[in-house]
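Participant: just a sequence and a predicted model for now, questions to come.
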Amino acid sequence: MDELLVALCEDDDAERERMTTTLGECPLPCRVDCYADGESFASAFYPGRYDLILLDIYMGGMSGVDVAARVREVDSHVPIAFVTTSQDHALDGYRLRVDRYLQKPVSAHDVAEVVEHAARRRSEAPGVTVKVDRRDVRIPFSRIRFAEQQNHSVVYHLVGGDDVAARGRLDSLDDLAPKPPFFRCHQSFLVNLEHVYRVDEGLRAFEMDQGDIAFIRRDSVRQAKSAFMSFMLRETRSM
């Protein structure tokens, strides 16, 4: 969780490699996913997946502006930086709430600055602080897909596939988590409806977006299905 999750969307192979190296040398650790075109990034993106998005404006196919517009349809908070050779799209950047312009060739100082900004935004985002190996770890609510009580620990199943286990009670997280999108479906499960794929009534479980499941109380299946459908309807109307 201490790593900053960065998406780099750049269609020039040499520039993509150089930016990846520069990100790897930042004082703050980054995990970088690279995309060679806007279409592949747009199809892979979902809210909460990344802490920072770096977009080349002038890509073939979907431009960086097109990609940023697609991101803002579903995620109004993630920091976005345009990587560009000009400032011609300043109005687009303002409209799409782009945080930074990085002028090519991008300097290590500018990259470190935008990474620090994204890390600061993540630390200020609503979330929960837990103890892991005697140190405090901050988990934004947007990063939690679902949480599960296992004996005396809560296991946080996170965006990207990571799991974080910390001693505690799911009831405490339930009291803090915003509703929606969170929904308590079982004594041992709290789900983020943004990451529910469907309701399996036969299994009495939410099927999550990465294929795992969160069980639903026997007497709460109808309520769970209603909560999921209401959430999806509200999200569709907002878009």
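Facilitator: Structure's in. What do you need?
Participant: please report phi then psi for residue 105.
Facilitator: phi -70, psi 130 (degrees, to the nearest 10).
Participant: try residue 196
Facilitator: phi -90, psi 130.
Participant: which strand residues bridge it?
Facilitator: Residue 196 has the following beta-bridge partners by DSSP bridges: residue 208.
Participant: okay, now the domains of the chain?
Facilitator: For the chain, automatic domain parsing gives the domain ranges 4-124, 127-238.
Participant: burial measure for residue 101, as a count.
Facilitator: 17 (other C-beta atoms under 10 Å). To be clear about C-beta, it is placed using only N, CA and C from the backbone, and glycine gets the same treatment.
Participant: any idea how far residue 146 is from it?
Facilitator: Look at residue 101 and residue 146: by C-beta to C-beta, to the nearest Å, they are 37 Å apart.
Participant: do you have the helices of the protein handy? List them.
Facilitator: Using DSSP state H, the helices of the chain run over 13-24, 38-44, 64-74, 90-95, 108-124, 170-176, 221-238.
Participant: need those in CSV (columns: mean pLDDT).
Facilitator: As requested, the helices of the chain are exported to CSV (pLDDT from 0 to 100):
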stretch, mean pLDDT
helix 13-24, 94
helix 38-44, 93
helix 64-74, 88
helix 90-95, 52
helix 108-124, 90
helix 170-176, 97
helix 221-238, 88
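Participant: deepest in the core, which of those helices is it.
Facilitator: helix 64-74 (a mean of 20; mean count of other C-beta atoms under 10 Å).
Participant: helices or strands next to that helix in the packing?
Facilitator: Applying 3 or more C-beta pairs under 8 Å, 6 or more residues apart in numbering; DSSP states H and E, we find helix 64-74 packed against helix 38-44, strand 52-56, strand 80-84.
Participant: out of those, nearest to residue 163?
Facilitator: helix 38-44 (20.7 Å; C-beta to C-beta).
Participant: helices or strands next to that closest one in the packing?
Facilitator: strand 4-9, helix 64-74.
Participant: turn those into a markdown table, including distance to residue 35.
Facilitator: Formatted as a markdown table, the helices and strands packed on helix 38-44 follow (distance: least, C-beta to C-beta, whole Å):
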| stretch | distance to residue 35 |
| --- | --- |
| strand 4-9 | 4 |
| helix 64-74 | 9 |
